[in-house]
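Q: okay, here's the prediction I keep looking at, along with the sequence it came from:
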Amino acid sequence: MKMATLRRIARFGISGLLVTGLHVAVAVAFIRLILPDPPLANGVAFTVATLFSYLINTLWSFSSRLHGRTLARFAVVSLIGCGLSVGLSWLAEFRALSYWIG
């Protein structure tokens, strides 16, 4: 593999870890400081993390420019992910499980 490809893969992995950490931090802060509603907290956290993900992956991981077309594609995939994320959070709450599981 070329060095540029390996660097891009490493940056993508680091970005993923940062986005995941941001998602968890926002969700926990929301639950503890604003409103103890895990599905809502997860939705807010997902939105914040998704915006950050688009920016960091476009600008840093792939060294590209921000474009409306790529943002639209990213938004569609992210909405599907958001539905899954909030759905899992709701299911965990419905089953009386810890919000950490959701």
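A: Here it is on my side, so go on. Numbering: from 1, shown residues only.

Q: centre-most residue in the chain?
A: Ala49 (3.9 Å; Cα atoms, centre = their mean).

Q: secondary structure class of that residue, three-state.
A: Three states are possible here, and by DSSP: H, G, I helix; E, B strand; the rest coil the one that applies to Ala49 is helix.

Q: and the pLDDT at the closest residue in space to it that isn't next to it in sequence?
A: Nearest-residue entry for Ala49: His23, 3.9 Å, with adjacent residues in sequence omitted and distances by Cβ to Cβ, 6 or more residues apart in numbering. Every residue, glycine included, has its C-beta placed from N, CA and C. Reported pLDDT at His23 in the predicted model: 95.

Q: element containing His23?
A: Remark: His23 resides in helix 3-29, with elements defined by DSSP states H and E.

Q: same check on Ala92?
A: helix 68-94.

Q: give the buried residues for that helix.
A: Phe74, Ser78, Cys82, Ser85, Val86, Ser89, Trp90, Ala92, Glu93 (16 or more other Cβ atoms under 10 Å).

Q: reformat those residues as a markdown table; add distance to Arg11 and pLDDT.
A: What follows is the buried residues of helix 68-94, written out as a markdown table (distance: Cβ to Cβ, whole Å; pLDDT from 0 to 100):
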| residue | distance to Arg11 | pLDDT |
| --- | --- | --- |
| Phe74 | 17 | 87 |
| Ser78 | 19 | 87 |
| Cys82 | 24 | 80 |
| Ser85 | 23 | 80 |
| Val86 | 28 | 81 |
| Ser89 | 29 | 83 |
| Trp90 | 33 | 86 |
| Ala92 | 32 | 88 |
| Glu93 | 35 | 85 |
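
Q: about what we covered before: now do the buried residues in the helix holding His23.
A: Burial within helix 3-29, assessed by neighbour count using 16+ other Cβ under 10 Å, is assigned to Arg8, Arg11, Ser15, Val19, Leu22, His23, Val26, Ala27.

Q: stretch 60-68 too?
A: For stretch 60-68, the buried set under the neighbour-count rule, 16+ other Cβ under 10 Å, comprises Ser61.
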